[in-house]
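Engineer: fold the following and give me the result.
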Amino acid sequence: MVKKKILICPLDWGLGHGARCVSIIHDLNSDFDVLLAGSGRVKPFLQQEFPTLPFIDFEGYNINYPSGGSMAIKMMAQLPKVIQRIRSEKKELAKIIENHGIDLVISDNRFGLSSDSIPSVYITHQINVQAPGLLANLLYKLHAKYINRYTECWIPDFAESMNLSGALSHGRKPSICRYTGPISRLSKVRTAYKYDYCALLSGPEPQRTKFENLILETFKGQSATLLLLQGTPEEHKHMKIDNVEIVSHMNDQDLAKNLCASKTVICRSGYSSIMDLAKLGVNCIFVPTPGQTEQYYLAKHHLFEHQVPYIDQHKLGSELLFKTKGNPIKLDWKEPSFSAMITEILIKR
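Structural biologist: Numbering: from 1, shown residues only. Down below sits the predicted model:
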C-alpha cells in the first residue's frame, strides 16, 4: 500500500515551532511519508533531528524583531510585508503539492499554507493575541481569517481549566479548532543534580543574544554552576569558562538529561519551552522576552497557576536571581496520537 505524503512546515521565529513539531514527525513517520520544509535556524535543527527525511527550503517572513517596545505594534507595522509573503507562499505551496504529490499539509503558524486541493492543518497556541485595546480584536479577526482557510486548527493544550496557555487559546476561537493536548519531544530522566542552574536560550535575534550576554554577566564571578544552552544548532560549540559551561546545541536525549540534572532552569516564557518544562517537571524561572506580550501573559499565568516566578529582563541582576526560588509546572501529561488525527482527516476527505 502506497503511503500518503505529509508536508510539515514550521515557522522560523526561533526554534520553538520546529521543536514542537519533532514529536509530531516521529509519530507520523511510521505511517506516512514525511517531507519537511522551512528556513532559518529551523532548517539545521530539523535536519539534525531527521537527517534521512527530505527537506525543502521555504522562505520565512523575514520579520525585523524589536529590541524593545511592543511586539504586537511592531508586527502591525510589518503586516504589508507579511501579507505579501503569505500570498507568495500559497503559490509556492501549490507547486510543491504538484511536484511532490503531497496529500496533506501541516503548518505550524505559517499563515499561507492552506490549500484548496488537499487537506491542511494549522497549529497554534495563540488564537487570542495579547495586545492593547482594539488592536487585540483586530489581530484576532485577522488571525481567524487565515485559520478558517485550513481543514483543522490544532491547539497544543488541554481543553480543561487546568491548562498551559490560558486565555491565549481558551475563549473565543474558530469552530475548526481542536485541542490535541500539549506537545513535547523530551522525556523525563532520573539523574543526580550536576548544575545549580541551566539557562535555556531561545527565540529570535537580537533578544536571544542580549539574553545570553545578561546571563553570562550575571554569573560572572559567582560560585553557582551554570549550563548555558545557546539554542544555535548551526554552531558546534562546547566550552567551559570557570563556573559556566557553554553548549551551542544538544540532541533531545542530552537536552532532557541536562535539564533534569539542573536544580533550576532559567528560560524565556515561550510556549514550546513551557510545554517541555511541564513534561519534565523541573524547577524553572521565566524571563519574558521584552516587548512580547504573549510571553508576559504566559509568565503571569504560570505564576498564578503554578507559582513559577518570573523576572523582568532589566532586573536580572545576580542578587534578585539568586534570591528567587524556582518551581515546577505540575500537570498530568497525556501523549496525543497525531497519526490517528491525520488518518481521520484523510478519511473524511
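Engineer: and stretch 175-183, how far out from the chain middle?
Structural biologist: Offset of stretch 175-183 from its chain centre (C-alpha atoms, centre = their mean, to the nearest Å): 15 Å.
Engineer: touching, Asp31 and Ala340? I think so.
Structural biologist: No. At 9.3 Å, Asp31 does not count as touching Ala340 under the criterion of C-beta atoms under 8 Å. (Glycine included, C-beta is placed from N, CA and C.)
Engineer: which of those two has more neighbours?
Structural biologist: Neighbours were counted for Asp31 and for Ala340 using other C-beta atoms under 10 Å; Asp31 has more, 15 against 11.
Engineer: OK, contacts around that one?
Structural biologist: Asp31 makes contact with Lys3, Ser339, Ile342, Thr343, according to C-beta atoms under 8 Å, 6 or more residues apart in numbering.
Engineer: what's the burial count for Val22?
Structural biologist: 19.
Engineer: same question for the helix or strand encompassing it, mean pLDDT?
Structural biologist: Assigned by DSSP states H and E, Val22 belongs to helix 16-29. Averaged across helix 16-29, the pLDDT comes to 94.
Engineer: which neighbouring elements make contact with the helix or strand following it?
Structural biologist: Using DSSP H and E, the helix or strand that follows helix 16-29 in sequence is strand 33-38. Contacts defined by 3 or more C-beta pairs under 8 Å, 6 or more residues apart in numbering; DSSP states H and E place strand 33-38 against strand 5-10, helix 16-29, helix 42-49, strand 55-57.
Engineer: go again with 10 Å.
Structural biologist: Contact analysis of strand 33-38 by 3 or more C-beta pairs under 10 Å, 6 or more residues apart in numbering; DSSP states H and E lists strand 5-10, helix 16-29, helix 42-49, strand 55-57, helix 79-100, strand 104-108 as its packing neighbours.
Engineer: so how far is that strand off the chain centroid?
Structural biologist: Put simply, strand 33-38 sits 18 Å off its chain's centre (C-alpha atoms, centre = their mean).
Engineer: now do that strand against helix 42-49, angle only.
Structural biologist: With axes from the mean of the first three to the mean of the last three C-alpha atoms, to 10 degrees applied, the angle from strand 33-38 to helix 42-49 works out at 140 degrees.
Engineer: ok, strand 33-38: who's next to it in the sheet?
Structural biologist: Applying DSSP bridges to the sheet, strand 33-38 is found paired with strand 5-10 (parallel), strand 55-57 (parallel).
Engineer: what about this protein, any weak spots by pLDDT?
Structural biologist: Across the chain, the ranges flagged by pLDDT under 70 are 62-76, 78.
Engineer: mind listing the helices for it?
Structural biologist: Ranges of helices in the chain, per DSSP state H, are 16-29, 42-49, 71-77, 79-100, 134-147, 207-219, 252-260, 271-280, 293-306, 318-323, 338-348.
Engineer: the shortest one: how far from the chain's middle?
Structural biologist: What it means is helix 318-323. Mean C-alpha position of helix 318-323 versus that of the full chain (C-alpha atoms, centre = their mean) differs by 27 Å.
Engineer: and what of the first one?
Structural biologist: Taking the mean C-alpha point of helix 16-29 and that of its whole chain, the gap between them comes to 11 Å (C-alpha atoms, centre = their mean).
Engineer: buried residues in it, which are they?
Structural biologist: Neighbour counts over helix 16-29 (16 or more other C-beta atoms under 10 Å) mark 16-28 as buried.
Engineer: cool, the last one as well?
Structural biologist: Along helix 338-348, these residues count as buried under the neighbour rule (16+ other C-beta under 10 Å): Phe338, Ser339, Met341, Ile342, Ile345, Leu346.
Engineer: okay then, goodbye and thanks.
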